[in-house]
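> model this:
(one chain, ligands or ions: 1)
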Amino acid sequence: MDEVKAKIFRYDPSQDREPRYEAYSIPWRDRTTLLEVLRYVYEHYEPIAFRYGCRSMLCGRCGVELNGKPVLACMTFVEPGDIEVEPLRGFPIIRDLVIDRTKAELRSFEGSPQLLRAKPPEEEPEKLPSQAVSRCMDLLKCRTCYLCQAACPMVEAAQDNTVGPAIMSRNIALRAYDPRDEGDRLTEAIDEGLWYCSNCANCKEVCPREIDIPAIVIEDLRAMAVERGLTNPAHKRFASSIKENHNPYREAHEDRLRWADGLNVSNEAETMFFVGCTSAYRRQEIAKSTVKILREADVEFGIPKDERCCGSPILRAGYRDLAKEMVEHGAQALKEAGAKRVICSCAGCYKTLKLEWPKLVGELPFEVIHMSQYLVDLVRNGKIALREVKGKVTYHDPCHLGRHCGVYDEPREVLKSIPGIEFVEMNPNRENSLCCGAGGGVEAALPDTAIKTAISALEKVRETRAKLLVSTYPFCKTNFLDAIAESGEKLEVCDLTELIVKSMRS
Ligand code: FES
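From the prediction side, this is the model:
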């Protein structure tokens, strides 16, 4: 008979000096849930402590971590083989898998969680605009299971400065979107950590109700704050630079293509390379590597003559009008250049062009492709010859490419196609991958928090014993390099395109 071999966290703070793990074997049948596994252990081995209630995803009480991922035990099926079960991280332990939620619950009573209203309704019975009702109802799908809280890298890195996604969503955003509420919810949101979100989407990934917290809580609250002039100073600086210079780095717009001097790149083609601000000004090695690969593969390509910021940093920070200007210009420029496909080597640009440009300017007349996807085709069709590069390599899934866009397989396929590379997975990976901490305006506004988050992700790289960390997002590369400089970690970091160029040359 198939079995589940469960390693379960055990700890009774009233008598144990430290936690331990105990192993149990549980008979497996099709659609065995994690809750059934826990119950079997309770009934057949020893009375481990765990919580549950409705057994149908309604009460939110049965949250635990399965192999490092926060899940609801009642709704999670397990497969035969080894599993590890732990309590949700970041909470005090009452016993075994039972966490003490009191501090979080009490935090939700701080401020003014009730509706604040002095003015009487203008009409009786009062009607709320349907848009406000539906926004609030989206948030009320939350069962306060706190899976998002356990999954949030910023709660881990800056616990004292942010209430985290659950309370930001259930308490603050809910009131901010209610037209009857007269409280100053935006100031409350800022005081409670609105700028401490790296847009990693791990909260959305683990949410059993699939609430899009990064979009409908964080970005919407930030946009409302910007409209009211409650801006973050660092975000305001990069937004005004984007307005004046069309890049967030306060660099001259006319220098945007300086890295391509002498390369004789066309400005019109069916295949266009959208470079992005970070590669154009800060990580030019990635822009140059992309061009080398396209040339090696005999791809006829161009770069827009007047490329401007894709809008990603200002969309994350809430500057929606300015972002729309950038997007309108970018889409028009690519259309005029005759683009049928647009390649991005930056995961942030890719996510923005692919998912957000169509929302702002309608259907695009071109396909948007990430360079890792394009590379798969080049490698499969023998358009580039890869020679041996020896080394143990791991890959970091950037949040914008992975969780936001679902691109996981292509970078791995490309890496594995390089002869001599020993590819090793970091754990966690793919949809559970750790955020580097730089996105969502965090690197600009809270650089120490961004580096602290990246240092904690580097611990997982160290466990792989890889000597090289490969990324597909120039912004992650920079943050990891900063974290390495800060921590003294012995590790190289490069973009996938750079490794491919190395393999082409070897
Ligand atoms: S027992 Fe209620 S959500 Fe799992």
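
> Could you check how far the spatially most central residue of the chain is from residue 236?
Central residue of the chain (Cα atoms, centre = their mean): residue 200, 1.9 Å from the mean position. With distances taken as Cβ to Cβ, to the nearest Å, residue 200 is found 23 Å from residue 236. Glycine gets a C-beta too; all of them are placed from N, C-alpha and C.

> Any chance of the backbone angles for residue 89?
Residue 89 adopts backbone torsions of phi -70, psi 160, taken as degrees, to the nearest 10.

> ok, now which ones touch the residue of the stretch 301-450 of the chain found nearest the ligand?
In the stretch 301-450 of the chain, no residue comes nearer to the ligand than residue 432, which is 20.1 Å away by Cβ to the nearest ligand atom. The contact partners of residue 432, by Cβ atoms under 8 Å, 6 or more residues apart in numbering, come to 68-69, 202, 205.

> go again using 6 Å as the cut-off
Taking Cβ atoms under 6 Å, 6 or more residues apart in numbering, we find residue 432 in contact with residue 69.

> do residue 148 as well
165-166, 203, 207.

> The same query, at a cut-off of 7 Å, please.
165-166, 203, 206-207, 213 (Cβ atoms under 7 Å, 6 or more residues apart in numbering).

> Can you check the pLDDT for it?
We note a pLDDT of 97 for residue 148 in this prediction.

> Quick check: closest non-adjacent residue to it.
residue 203 (3.7 Å; Cβ to Cβ, 6 or more residues apart in numbering).

> and what of residue 45?
Residue 45 sits nearest to residue 24 (Cβ to Cβ, 6+ apart), 5.4 Å away.

> So residue 471 sits against residue 398, correct?
Yes. If you go by Cβ atoms under 7 Å, residue 471 and residue 398 touch, sitting 6.2 Å apart.

> who has more neighbours, these two?
Using other Cβ atoms under 10 Å, the more surrounded residue of residue 471 and residue 398 is residue 398, with 31 against 25.

> pretty sure the more buried one is touching residue 347, no?
Yes. Under the criterion of Cβ under 7 Å, residue 398 makes contact with residue 347 at 4.2 Å.

> Next secondary structure after the strand or helix carrying residue 138?
If you go by DSSP states H and E, residue 138 is part of helix 130-140. Sequence order places helix 147-151 as the next helix or strand after helix 130-140, per DSSP H and E.

> So which elements touch the helix or strand following that next one?
Note on helix 147-151: by DSSP H and E, the next helix or strand toward the C-terminus is helix 153-157. Applying 3 or more Cβ pairs under 7 Å, 6 or more residues apart in numbering; DSSP states H and E, one finds that helix 153-157 makes contact with helix 447-464.

> Now do the buried residues in the helix it packs on.
449-458, 460-461, 464 (16 or more other Cβ atoms under 10 Å).

> Quick check: PyMOL command selecting the buried ones in the contacts of residue 148.
PyMOL command restricting the contacts of residue 148 to the buried ones, with burial defined by 16+ other Cβ under 10 Å:
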select buried, resi 165+166+203+206+207+213
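
> would TSV of the contacts of residue 148 with distance to the ligand, pLDDT and secondary structure be doable?
Output for these, formatted as TSV (distance: Cβ to the nearest ligand atom, whole Å; pLDDT from 0 to 100; DSSP: H, G, I helix; E, B strand; the rest coil):
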residue	distance to the ligand	pLDDT	secondary structure
165	18	95	helix
166	15	94	helix
203	17	98	helix
206	13	97	helix
207	12	97	coil
213	18	97	helix
